[in-house]
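Visitor: Give the three-dimensional model of this entry:
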Amino acid sequence: MTASGDDLTDSDDLGRKMMRQVAGDSWGTKKVAWSLSCARERKCKQTGKKVGGRRSHAELWPEVVAEARVTFGGGKGKID
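Guide: Numbering: from 1, shown residues only. Modelled structure (predicted):
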């Protein structure tokens, strides 16, 4: 129902049909994004590790990062 009292589901009007499809699609997209976000948070809590996103240099090449820190005097970051 709209604010003016029109029932958008009780019509064969193409404009109303399009609005139902667009609104439904955006809701479905948001629902999928929300469920994926919740799953990432659960996995992170279970494993204690980062889930998703790009892997850091320290994750990809820990020995190279460790050698660079020794060679160039440490650094502020940590190696996991």
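Visitor: so where's the longest helix in the chain?
Guide: Longest helix in the chain by number of residues (criterion: DSSP state H): helix 14-47.
Visitor: Buried residues, that one. List them.
Guide: For helix 14-47, burial by neighbour count (16 or more other Cβ atoms under 10 Å) applies to R16. For the C-beta atoms, the positions are set from N, CA and C on the backbone; glycine is no exception.
Visitor: sec struct for S4, please.
Guide: Three-state call for S4 (DSSP: H, G, I helix; E, B strand; the rest coil): coil.
Visitor: How much space separates it from V65?
Guide: 62 Å (Cβ to Cβ, to the nearest Å).
Visitor: Neighbour count for those two, which is higher?
Guide: V65 (17 against 5; other Cβ atoms under 10 Å).
Visitor: Need the phi and psi values for that one.
Guide: Taking degrees, to the nearest 10, you get phi -70, psi -40 for the backbone angles of V65.
Visitor: so what's the closest residue to C44 other than its chain neighbours up against?
Guide: Spatial nearest neighbour of C44, chain neighbours left out: V51 (4.8 Å); criterion: Cβ to Cβ, 6 or more residues apart in numbering. For V51, the contact set (Cβ atoms under 8 Å, 6 or more residues apart in numbering) comprises R40, K43, C44.
Visitor: what about 10 Å?
Guide: A39, R40, E41, R42, K43, C44, K45 (Cβ atoms under 10 Å, 6 or more residues apart in numbering).
Visitor: With distance to D25 and pLDDT as extra columns, can I get the residues you listed in a markdown table?
Guide: A markdown table is the format used below for the contacts of V51 (distance: Cβ to Cβ, whole Å; pLDDT from 0 to 100):
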| residue | distance to D25 | pLDDT |
| --- | --- | --- |
| A39 | 21 | 94 |
| R40 | 23 | 92 |
| E41 | 25 | 93 |
| R42 | 26 | 95 |
| K43 | 27 | 94 |
| C44 | 29 | 92 |
| K45 | 31 | 94 |
